[in-house]
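A.B. asks: I'd like to go over a predicted model; first the sequence, then the structure.
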Amino acid sequence: METKGPGLVDVFLEQDMPSWVKVVIHGSGVHTCNFKSSKRQHWGGGGGGGGGGGGLPGADRSSRGREFRRAAFPVAPFRGKARGLPVRSRGAGEPGRVRGCCFGRQEGFSFWSPSTGPMAAMQMDPELAKRLFFEGATVVILNMPKGTEFGIDYNSWEVGPKFRGVKMIPPGIHFLHYSSVDKANPREVGPRMGFFLSLQQRGLIVLRWDAVREEVDLSPAPEAEVEAMRANLQELDQFLGPYPYATLKKWISLTNFISEATMEKLQPESRQICAFSEVLPVLSMKHTKDRVEQNLPRCGTECKSYQEGLARLPEMKPRAGTEIRFSELPTQMFPAGATPAEITRHSMDLSYALETMLSKQFPSSPQDVLGELQFAFVCFLLGNVYEAFEHWKRLLNLLCRSEEAMMKHHTLYINLISILYHQLGEIPADFFVDIVSQDNFLTSTLQVFFSSACSVAVDATLRQKAEKFQAHLTKKFRWDFEAEPEDCAPVVVELPEGVQTG
């Protein structure tokens, strides 16, 4: 089929999963294709381009058999594939080819999602798209090599040679992440790196790729360069990918408690968050005395076991300025001078330790602890930072095992349930099972939480929400919260030196 200039093309698909369908387009412009199927599957053209198209290229499969979706895609310089709609057109007269269920490229981008697979099309109101085009923020990244995996929030792409950044970004907190690719072997991808940005309405951030360090240089661009870039945004527009609004709601649900102050407080001094921490030895190990201080044997001494080999490894620490600055969690769960009975009580109900941390780390707003919980989760989920996952577990354990604190901070705990609802939807049910012990950290932690939150002593709203959340987890993951919690078993509590048991 052929079309001359911008217009409407109807494509009727006789097959359940179509073979290649050839669409020859004469001239550039925005063409709208309707794809209908004689079967109960339907494909629509992918939206793209500037303010009016509706987002990234892709197609939307209808959920009902008798409907089809309509969407527009810009032709030139459009090349590649989108979900349900691979299209290749470099200009006038070149064929565009259409097929089902793929992922694709536009304007030098290759679009794909790590969590949801190929990017689905977005149906966006034209007025909303126009407003976002003029009111949204823009992040320009110059000189990023072709093939680099780049993403913002819950979306990732493989960039092409024309990539210059992302436009139409809603104001607020965003996480940009990337992985460099080996030029000699494009299949070799470097560790995930990322950084948080707080973007303002109509804001413009200009960044550059550092070819030597193979990372984005976060040094602020000169004001004159930024203003010159702003004046030429219209010419730059064709090289900017629109922010994918299909996943915005999910992103907000994962970050709605992360304020700009929380972001600035927690991110590394370097602002770069890396999946693999850059570490250095605590001691230089240049001298024998350095090894003696760490109880390490002399060099050349035979190692007789794997455990001994691990013990010989030197003590390491993150390079200054590269570690995420998480709040220090209490190691002593009871006040100084506590009696043995008080030590036991504070070791089972961690409210004292939680209140100590809240008063020290979040004196003006205890709710900010939820922002740190979300920050840690995002760093793990999207930044692949294992240390962030460990901090998330420890912080969640502290929150869930503080029964008295639930009565004082019931609003905080109501919000905690909402946060966990969205976070647990992103991780497989068996992810939290310890490989060695087969114990599920999350079920045991939440079991203690529900035993407290569902009691008659807590706020009625919190209790009702906890009961609904427990029922949801039981149904979705088939987790058993009715068994006797392990915490009800006898607990051996280490008493400080000098404390008499009487």
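C.D. replies: Sure, I can see it.

A.B. asks: Sticking with the spatially closest residue to Gly136 that is not a sequence neighbour, tell me its helix or strand.
C.D. replies: Ranked by CB to CB, 6 or more residues apart in numbering and with sequence neighbours excluded, the top spatial neighbour of Gly136 is Met168, at 4.0 Å. C-beta: built from backbone N, CA, C; applies to glycine. Per DSSP states H and E: Met168 is located in strand 165-169.

A.B. asks: what sits up against that strand?
C.D. replies: Here strand 165-169 makes contact (CB atoms under 8 Å, 6 or more residues apart in numbering) with 51, 129, 132-133, 136-141, 152, 199, 237, 239-243.

A.B. asks: Name every strand pairing with it and say which way it goes.
C.D. replies: Each strand paired with strand 165-169, and its direction, by DSSP bridges: strand 137-142 (antiparallel), strand 240-242 (parallel).

A.B. asks: who wins for proximity to Leu442 among the ones you listed?
C.D. replies: Nearest to Leu442 among the strands paired with strand 165-169 is strand 137-142 (34.9 Å), distances taken as CB to CB.

A.B. asks: Could you give the average pLDDT over the longest helix along the chain?
C.D. replies: The longest helix of the chain (DSSP state H) is helix 460-477. Across helix 460-477, the average pLDDT comes to 93.

A.B. asks: what helices or strands is that helix leaning on?
C.D. replies: helix 410-424, helix 441-453 (3 or more CB pairs under 8 Å, 6 or more residues apart in numbering; DSSP states H and E).

A.B. asks: What is the neighbour count of Gln423?
C.D. replies: Applying other CB atoms under 10 Å, we find 19 other residues in the vicinity of Gln423.

A.B. asks: Just read off the phi/psi values of the residue lying closest to it once chain neighbours are set aside.
C.D. replies: Leaving aside its chain neighbours, Gln423 sits nearest to Phe377 (5.4 Å; criterion: CB to CB, 6+ apart). Note on Phe377: its backbone torsions stand at phi -70, psi -40 [degrees, to the nearest 10].

A.B. asks: State the number of residues packed around Phe377.
C.D. replies: Residues near Phe377, counting by other CB under 10 Å: 24.

A.B. asks: Wait, it touches Ser253, no?
C.D. replies: No. Applying CB atoms under 8 Å, one finds Phe377 not in contact with Ser253, separated by 11.3 Å.

A.B. asks: What segments of the stretch 201-350 of the chain are helices?
C.D. replies: Applying DSSP state H, counting those that start in this stretch to the stretch 201-350 of the chain gives helices spanning 223-231, 233-236, 248-255, 260-266, 288-293, 306-312, 340-348.

A.B. asks: Extract the CA atoms of the first one and return them as PDB.
C.D. replies: What that stands for is helix 223-231. The C-alpha trace of helix 223-231 is given here as PDB (Å, rounded to 0.1, in the frame of the first residue of the first chain):
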ATOM      1  CA  GLU A 223      25.400  29.400  32.000                       C
ATOM      2  CA  ALA A 224      26.100  30.900  28.500                       C
ATOM      3  CA  GLU A 225      26.200  27.400  27.000                       C
ATOM      4  CA  VAL A 226      22.900  26.500  28.700                       C
ATOM      5  CA  GLU A 227      21.200  29.700  27.400                       C
ATOM      6  CA  ALA A 228      22.600  29.100  23.900                       C
ATOM      7  CA  MET A 229      21.200  25.500  24.000                       C
ATOM      8  CA  ARG A 230      17.800  26.800  25.200                       C
ATOM      9  CA  ALA A 231      17.700  29.200  22.300                       C
END
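
A.B. asks: Need phi/psi at Tyr178.
C.D. replies: phi -160, psi 160.

A.B. asks: ok, now which ones touch it?
C.D. replies: When the contact criterion is CB under 8 Å, 6+ apart, the partners of Tyr178 are 144, 148-151, 192-194, 215-216.

A.B. asks: Number of residues surrounding the nearest residue to it once chain neighbours are set aside?
C.D. replies: Leaving aside its chain neighbours, Tyr178 sits nearest to Phe150 (4.6 Å; criterion: CB to CB, 6+ apart). The local packing of Phe150 (other CB under 10 Å) involves 23 other residues.

A.B. asks: Please list all residues in contact with Phe150.
C.D. replies: By CB under 8 Å, 6+ apart, the neighbours of Phe150 are 141, 144, 156-159, 163, 176-178.

A.B. asks: Helix or strand: which one has it?
C.D. replies: Using DSSP H and E, Phe150 falls in strand 149-152.

A.B. asks: What of Glu387?
C.D. replies: Judged by DSSP H and E, Glu387 forms part of helix 386-400.

A.B. asks: could you give the mean pLDDT of that helix?
C.D. replies: pLDDT averaged over helix 386-400 gives 96.

A.B. asks: and the next helix or strand after it, C-alpha only, in PDB?
C.D. replies: Counting by DSSP H and E, the next helix or strand C-terminal to helix 386-400 is helix 403-408. This file holds the C-alpha atoms of helix 403-408, laid out as PDB (Å, rounded to 0.1, in the frame of the first residue of the first chain):
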ATOM      1  CA  GLU A 403       5.100  -1.900  68.100                       C
ATOM      2  CA  GLU A 404       5.000   1.100  70.400                       C
ATOM      3  CA  ALA A 405       6.000   3.400  67.600                       C
ATOM      4  CA  MET A 406       3.000   2.300  65.500                       C
ATOM      5  CA  MET A 407       0.700   3.800  68.000                       C
ATOM      6  CA  LYS A 408       2.600   7.100  68.100                       C
END
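
A.B. asks: which residues touch helix 403-408?
C.D. replies: 349, 351, 354-355, 399, 413, 452-453, 457-459, 462.

A.B. asks: What residues of it count as buried?
C.D. replies: By 16 or more other CB atoms under 10 Å, the buried positions in helix 403-408 come out as 403-407.

A.B. asks: Same check on stretch 392-403?
C.D. replies: Those would be 392-393, 395-403, for stretch 392-403 by 16+ other CB under 10 Å.

A.B. asks: do stretch 242-249 as well
C.D. replies: Across stretch 242-249, burial judged by 16+ other CB under 10 Å covers 242-248.

A.B. asks: can you give me the end-to-end distance of it?
C.D. replies: Counting by CA to CA, to the nearest Å, you get 16 Å between the two ends of stretch 242-249.

A.B. asks: Let's test this: mean pLDDT of it, rounded?
C.D. replies: Here the average pLDDT along stretch 242-249 is 91.

A.B. asks: Find the nearest non-adjacent residue to Glu278, please.
C.D. replies: Of all residues not flanking Glu278 in the chain, Arg319 sits nearest, at 4.4 Å (CB to CB, 6+ apart).

A.B. asks: same thing with Glu315?
C.D. replies: Val282 (4.4 Å).

A.B. asks: Could you do Pro191 as well?
C.D. replies: Ala275 (4.3 Å).

A.B. asks: What pLDDT is listed against that neighbour?
C.D. replies: Value for Ala275, per-residue pLDDT: 89.

A.B. asks: Now for it, how many residues are close by?
C.D. replies: 19.

A.B. asks: does it really touch Glu387, like I thought?
C.D. replies: No. Using CB under 8 Å as the test, Ala275 is too far from Glu387 to be in contact (9.9 Å).

A.B. asks: residue ranges with poor pLDDT in the stretch 251-400 of the chain?
C.D. replies: Along the stretch 251-400 of the chain, the model assigns pLDDT under 70 to residues 279, 283-300, 312.

A.B. asks: and with 90 instead?
C.D. replies: Scanning the stretch 251-400 of the chain for pLDDT under 90 picks out 275-322, 331-342, 347.

A.B. asks: Fine by me, we can end here.
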